[in-house]
Every structure is written in C-alpha cells, then in structure tokens.
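Colleague: Dropping the sequence and predicted coords here.
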Amino acid sequence: MGFVVESNQGANGGGGFRSLMRRKRVDSIHSKSSDTGHHQLAKELSIRHLIAIGVGSTIGAGVYILVGTVAREHSGPALAFSFLIAGIAAALSAFCYAELASRCPSAGSAYHYSYICVGEGLAWIIGWALILEYTIGGSAVARGISPNLALLFGGPDSLPAFIARHSVPGLGIVVDPCAAILVFVVTGLLCVGIKESTFVQSIVTTANICAMIFVIIAGGYLGFKSGWVGYKLATGYFPYGVDGMLAGASTVFFHTLGLIQLPVQQKRDLPLGIGAALSICCMLYMLVSAVIVGLVPYYAMDPDTPISSAFATHGIQWAAYVITIGAVTALCSTLMGSLLPQPRILMAMARDGLLPSFFSEVNAHTQVPVKSTIVTGLIAATLAFCMDVEQLAGMVSVGTLLAFTMVAISVLILRYVPPDEVPLPSSLQAAIDSVSLRYSNIIKTEETDVEVSNGQTGVSGEISAKYPLIAKVAAQALFDEKKRRKIAGWTIMLTCIGALILTYSASSLGLPSYFRLTVCGIGGLLLLFGLGVLTYIEQDDTRHNFGHTGGFICPWVPLLPILSILINMYLLLNLGVDTWMRVSIWLLIGVLVYVIYGRTHSSLQHAVYVPASHVDEIYQSSVESS
C-alpha cells in the first residue's frame with residue numbers, strides 16, 4: 001500500500017454526511033506536546049480514590065431512592081434479581097470500558113472512545129446523551145435528599161418552610177428548594193479541586209457503607225423475627241412477571257452510573273478500581289434490596305424513603321434515624337459523583353470544536369473546568385427544583401445504556417478493524433508532503449502497490465523484478481488483509497442489527513406471536529452468524545500497537561462484547577415509551593446543535609488523514625525541518 005493522504009474533502013473529512021465519519025486519533029505524546037493552549041486536568045488518582053469515586057457515585061440513588069419505586073411498579077419481591085441483571089450488564093460493559101480506558105486515556109469516556117473508533121456523528125450523539133445523563137443524574141439524586149432530610153426533623157413536612165417542598169397551584173409541579181441548594185453547595189465544592197472533593201467523598205462513602213451493613217444485619221434480624229412478610233404474598237415472587245423484573249433492571253441500571261465516570265488516566269489502576277467498585281456495589285445492592293422487600297410488602301413501600309419507613313413500620317424508630325443519616329450522606333456523595341464528570345464531557349467536546357471554547361477552559365490553580373462546572377450546577381439545580389425522581393431516573397438510564405452499548409461496539413472495532421488512518425493538523429502539511437514524496441518513489445507492481453509492514457520498506461520495481469515471488473506473496477497478503485477488514489466491518493454491523501431485531505421483537509409483547517417469533521428468529525440468526533464469523537476470522541494485528549499499549553485487555557472477544565450489546569439493547573427497549581419520547585426531544589435538539597455549530601467548527605474540519613503507520617515519521621520529519 002502506498003502512502004495515501006486525504007484532506008478534509010476525503011472520505012473522513014469534508015462536509016455533509018462525510019463529516020459524520022470523521023475519526024480523531026488517540027491522545028499521544030505528539031498531540032499532548034502540541035496542546036499548549038489548554039491547562040491539563042488533575043489526574044493520577046490512586047486506587048483508593050477510584051474506589052471512593054466509583055462506590056460513592058453509585059451507592060445511594062439505587063437504594064435510597066429507586067428501591068421503593070421499582071419494587072412497587074416493576075419488580076415486586078424480585079427486586080434483588082433486577083439488581084443482579086443490571087449488575088451483570090454493568091460487569092460486561094466494565095470489561096470493555098476498562099480496555100478502552102487503558103488504550104485511550106482522556107477526558108470524555110464513552111464519547112472519546114466513540115470518536116476514535118466509530119466516528120464524529122455517533123460520538124456527538126453519545127456525548128449529547130451523556131450531558132443529559134450526568135445533569136439529570138445529579139438532579140435525581142438531589143431530589144431524593146430532601147425527603148430523607150425531612151425525617152431527621154420529625155417527618156415528611158418538617159423541613160423549614162424556605163427549603164421545604166411546595167406544590168405550585170394550577171401547574172401540578174412540586175418544587176424542591178432544598179435539592180437546588182444542595183446542588184449549588186456540591187458545585188462549589190467541585191470547583192475547589194478534584195482531590196479535595198474526592199477526600200470528602202471518601203469519608204462520606206465509608207460512613208455510607210457502614211450504614212448499609214447495618215441495614216443488612218439489623219434488617220435480616222427483623223426479617224427472621226417477623227417471618228419475612230414481604231415474601232409471603234398471594235401475588236407470588238414475580239407479581240409483574242419476568243418482563244416487569246427486566247423493566248426494573250432497566251430502571252435500576254441508573255445505579256451503575258459511577259462506573260463510567262472515573263476520571264483517571266492510569267492503565268493498571270483503572271480496571272482494579274472498576275472491578276472493586278462494581279463488586280462492592282452489586283453485593284450491597286442485592287443484599288439490601290433482598291432485606292427491604294422482605295420486611296414490607298412491595299405495594300406498601302414508601303417510594304421516597306423505603307428503607308427508613310420499613311424499619312419504622314416494625315417499631316424500630318431509632319434505627320430509622322441511623323439509616324436516614326446514612327441515606328443523606330450517601331446521596332450527597334452520589335450527587336458529588338454525578339456532577340463530577342459532566343464538566344469534563346463538555347470540556348472534551350469543546351476541545352474537539354463541537355461546542356464553544358467557553359467550556360474547554362481549565363482553571364490553572366484548581367485544575368478543574370470551573371466554568372463548565374458552574375453551568376452544570378445551574379442546570380442541574382433548575383431540574384432538581386422542578387422535576388420528580390421517577391421522570392428523571394429513566395432518562396438517566398438511557399444515557400448510561402447508550403454509552404455502554406457504544407463502548408462494546410468500539411471494542412469490536414478496535415480488535416477487528418482499528419482505524420488505519422489518523423488525522424493530523426494542517427500545520428504539518430510540509431512534513432506530510434515530504435514523507436508522501438518519499439513514498440511516491442515506490443514503483444507499482446503490475447497488480448498493486450506493495451509495502452512490507454516490517455520497517456515500512458517499499459518494494460521497488462527492481463526488487464520486484466529480481467524476487468517476483470516475494471512481490472506476489474506481499475501483494476496477496478495485502479489483498480487478503482483488505483478483504484478480512486471488509487468482512488469484519490460488515491459482520492460487526494450485521495451483528496448489531498441482529499441484536500437490535502432480536503431485542504425489539506423479544507420485548508414487543510403486543511406483536512402477533514407468529515410475526516414476533518419470525519422476527520426473533522431472523523435477529524437470532526444474524527447474531528449467531530456474526531458471532532461465528534468474528535470467532536473464525538483473525539483479529540487485526542495492528543490492535544497490539546493501537547493507542548497506549550500494556551494496559552488491560554478485555555477477555556472473551558467477540559463473545560463478551562456481543563453479550564454486552566445484546567443485554568444493553570434489551571434494557572434500553574424496556575425503558576418505556578414516555579422515557580424515549582423525552583429523550584428523543586433532547587437528541588433532536590442535539591442533532592440541530594451539531595448541524596448548526598459542531599459540524600462546521602470541528603477541529604477535524606481541516607485535518608489531513610494519513611496512514612497511522614507513518615505518523616511518527618511525519619512528526620520526526622517536522623522536527624528535522626524546523
């Protein structure tokens with residue numbers, strides 16, 4: 001293969017639909033050294049900090065807010081199974097996420113990985129969904145704090161009037177000043193610095209885990225003493241059926257939010273931090289939910305304060321106060337963890353040119369994007385002031401599940417068809433031309449240009465004439481590699497289509513049974529075909545050199561990413577029509593913002609695409625000529 005240069009009018013650049021396929025390169029020593037216009041984020045957090053952020057961001061909302069609502073409306077006594085399924089989906093996604101985070105360390109998480117592996121269009125959708133997810137995630141958590149805080153003052157209506165909830169006559173809206181104030185307080189703390197806020201979060205998370213252990217032990221004692229009344233119901237263990245249990249899993253997937261927001265750039269510590277946080281959270285969630293639904297019938301659970309109310313029902317009022325204190329501290333920690341990654345998403349998108357540069361500024365002293373943090377806090381406080389938790393929780397799950405699905409797809413792309421062309425700034429045009437001229441002297445063989453990958457040495461016409469067998473073998477190897485990449489790319493796309501067809505037909509109970517089974521069969525065949533082909537063909541050899549090497553490697557590829565895609569898609573389709581209508585409006589707004597601003601201001605608008613194998617040579621030529 002000769003040296004091919006594509007400007008922004010090529011396949012990866014330009015305007016129109018071509019801009020949707022533009023892919024950026026992994027942050028490297030070259031790109032970082034040239035990034036002199038931005039202050040860097042604080043990084044290199046320890047495993048202890050990572051676990052504190054992950055656990056602190058995760059434990060809280062799922063138990064102290066959603067347990068009552070999900071048990072009453074979806075899962076019933078099978079709530080623990082809903083958490084188990086959500087935990088399995090999170091674990092599969094965590095493996096994929098850990099490999100991408102090790103290879104492509106940078107602010108932006110799933111948005112960043114999608115931009116590198118898939119393209120600018122889908123990356124924008126993921127980034128836009130993550131903005132919704134993090135902002136609403138913080139709002140939902142803040143909204144759940146005030147009912148628990150009110151219990152410490154004596155009851156649901158015991159908060160001082162200026163921070164108590166009030167109904168707006170004629171509008172049917174319940175405003176929550178306490179939630180808005182708490183968002184402002186946490187926003188101010190996050191502006192101080194990530195290590196300082198993480199230290200506070202570590203203390204609060206420790207107290208929270210102790211409170212949950214108390215719930216498990218004390219609740220287990222009460223359950224055995226009372227005979228587990230919540231499990232002895234005429235409606236059975238699955239009052240809403242298996243579909244209800246799965247719908248509950250879709251909603252409580254919100255509790256895995258902390259796993260995709262660890263702000264770290266360390267290869268070794270990230271998988272350990274994710275694994276430890278996931279194990280701790282999943283175990284605690286299942287044990288607590290199993291205890292609580294056994295203490296009180298699911299239909300009698302308080303949707304705002306399910307755990308405290310369950311203990312109060314059994315006359316253990318002092319325990320209810322202890323649990324309430326744990327709930328308030330846990331939710332404050334979760335609020336901090338929910339608001340933490342949002343400014344970094346905005347910063348990453350702004351540095352890519354997709355959002356105004358206002359969001360890309362990092363404070364030189366605190367190493368925090370203060371302006372983005374303040375904007376995030378203002379929006380989150382507004383939502384917390386006027387929206388209820390049930391409306392917010394489902395919308396958060398959409399962002400999480402979309403991000404996890406795209407991460408799994410990105411792992412398949414990275415393994416089978418990693419980007420073989422990368423964008424370089426137009427300022428390196430002279431060096432690109434110099435290297436391109438050097439490779440243009442390679443004489444074409446009769447069939448194609450031949451380039452030996454070992455050392456990137458061109459096979460000239462003289463060598464081809466002297467060693468025709470070598471030239472023929474090299475040409476055939478190049479042809480086979482192109483064919484393998486094409487087959488792998490189409491197979492990945494068909495696999496995703498098959499997963500979507502299968503999950504849609506499986507979750508659409510209103511369809512005629514014969515039609516539903518037929519569509520299920522088509523989707524299942526496509527999925528099995530994709531799995532078989534990807535298992536049979538070889539993975540791309542360049543994957544070993546893609547991005548930052550030496551980090552975590554996702555096991556059981558392609559099976560594990562495909563399972564992750566399948567489960568995440570099924571959970572997405574079980575979130576309900578109302579949730580999707582709200583999210584669709586937000587995504588439509590995002591499409592308009594991209595078309596009007598992001599597409600034309602992208603940093604890749606004038607990029608020059610070159611073979612990835614020649615990047616170091618181009619930078620070296622640039623240094624030599626300067």
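Modeller: All right, it came through fine. Residues are numbered from 1 along each chain as shown.
Colleague: quick one: low-confidence parts of the chain?
Modeller: The chain contains residues with pLDDT under 70 at 1-17, 27-62, 65, 107-108, 156, 194-197, 254-274, 389-394, 439-475, 626.
Colleague: centroid residue for it?
Modeller: Nearest to the mean C-alpha position of the chain, by Cα atoms, centre = their mean, lies Ala403 at 3.8 Å.
Colleague: Does it lie in a helix or a strand, and which?
Modeller: helix 389-416 (DSSP states H and E).
Colleague: chain center to that helix, what's the gap?
Modeller: 5 Å (Cα atoms, centre = their mean, to the nearest Å).
Colleague: Show the subsequent helix or strand relative to that helix.
Modeller: Beyond helix 389-416 toward the C-terminal end (DSSP H and E), the next one is strand 421-424.
Colleague: Can you name the next helix or strand after that following strand?
Modeller: helix 429-440.
Colleague: Please identify the buried residues of that following helix?
Modeller: Buried residues in helix 429-440, counted by 16 or more other Cβ atoms under 10 Å: Gln429, Ala431, Ile432, Ser434, Val435, Ser436, Tyr439. All C-beta spots, glycine's among them, are computed from the backbone N, C-alpha and C.
Colleague: coming back round to it: which other helices and strands contact the helix holding Ala403?
Modeller: On a contact count with 3 or more Cβ pairs under 8 Å, 6 or more residues apart in numbering; DSSP states H and E, helix 389-416 meets helix 66-70, helix 79-103, helix 109-117, helix 120-152, helix 241-252, helix 468-507, helix 559-573, helix 577-593.
Colleague: Run through the neighbouring helices and strands of the third one.
Modeller: Same thing as helix 109-117. helix 79-103, helix 120-152, helix 342-351, helix 389-416.
Colleague: So which of these is nearest Asp616?
Modeller: helix 79-103 (17.3 Å; Cβ to Cβ).
Colleague: That closest one to helix 389-416, inter-axis angle?
Modeller: With axes from the mean of the first three to the mean of the last three Cα atoms, to 10 degrees applied, the angle from helix 79-103 to helix 389-416 works out at 40 degrees.
Colleague: and the angle for helix 79-103 with helix 559-573?
Modeller: 130 degrees.
Colleague: What residues sit buried inside helix 79-103?
Modeller: Buried, per 16+ other Cβ under 10 Å, within helix 79-103: 79-87, 89-103.
Colleague: what number of residues lie near Tyr597?
Modeller: By other Cβ atoms under 10 Å, 14 other residues sit near Tyr597.
Colleague: separation between it and Ala431?
Modeller: 31 Å (Cβ to Cβ, to the nearest Å).
Colleague: same deal with Pro297?
Modeller: On the measure of Cβ to Cβ, Pro297 and Ala431 end up 72 Å apart.
Colleague: Surely Glu99 touches Ile553?
Modeller: Yes - with contacts counted by Cβ atoms under 8 Å, Glu99 reaches Ile553, the gap being 5.9 Å.
Colleague: any idea how far Ala179 lies from Ala150?
Modeller: 12 Å.
Colleague: one step back: could you export the helices and strands packed on helix 109-117 as JSON lines, including distance to Ser357?
Modeller: Formatted as JSON lines, these follow (distance: least, Cβ to Cβ, whole Å):
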{"stretch": "helix 79-103", "distance to Ser357": "26"}
{"stretch": "helix 120-152", "distance to Ser357": "16"}
{"stretch": "helix 342-351", "distance to Ser357": "6"}
{"stretch": "helix 389-416", "distance to Ser357": "24"}
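Colleague: Can you check which of the ones you listed gets nearest to Ala320?
Modeller: Across the helices and strands packed on helix 109-117, Ala320 has its closest neighbour in helix 120-152 (7.0 Å, Cβ to Cβ).
Colleague: which neighbours does the next helix-or-strand element following the closest one have in its sheet, and in what orientation?
Modeller: Next helix or strand after helix 120-152 toward the C-terminus (DSSP H and E): strand 166-168. Using DSSP bridges, the strands paired with strand 166-168 are strand 173-175 (antiparallel).
Colleague: any idea how far the partner strand is from the chain center?
Modeller: 30 Å.
Colleague: Which residues belonging to the helix or strand following that strand are considered buried?
Modeller: Moving toward the C-terminus from strand 173-175, the next helix or strand (DSSP H and E) is helix 177-192. Buried positions in helix 177-192, judged by neighbour count with 16+ other Cβ under 10 Å: 177-184, 186-187, 189-191.
Colleague: Kindly indicate which of those lies nearest Thr549.
Modeller: Nearest to Thr549 among those, with distances taken as Cβ to Cβ, is Leu190, at 33.0 Å.
Colleague: Now do the closest one against Gly219, distance only.
Modeller: Per Cβ to Cβ, Leu190 is found 33 Å from Gly219.
Colleague: Ok, Ser603 next?
Modeller: Ser603 is 53 Å from Gly219, by Cβ to Cβ.
Colleague: more crowded one of those two?
Modeller: Counted by other Cβ under 10 Å, Ser603 and Gly219 do not tie: Gly219 has more neighbours, with 24 against 15.
Colleague: Could you verify my assumption that the more buried one touches Ile292?
Modeller: Yes - under the criterion of Cβ under 8 Å, Gly219 makes contact with Ile292 at 6.6 Å.
Colleague: Identify the residue nearest Leu284 in space, chain neighbours excluded?
Modeller: Spatially, and ignoring its direct neighbours in sequence, Leu284 is nearest to Met212 (5.1 Å; Cβ to Cβ, 6 or more residues apart in numbering).
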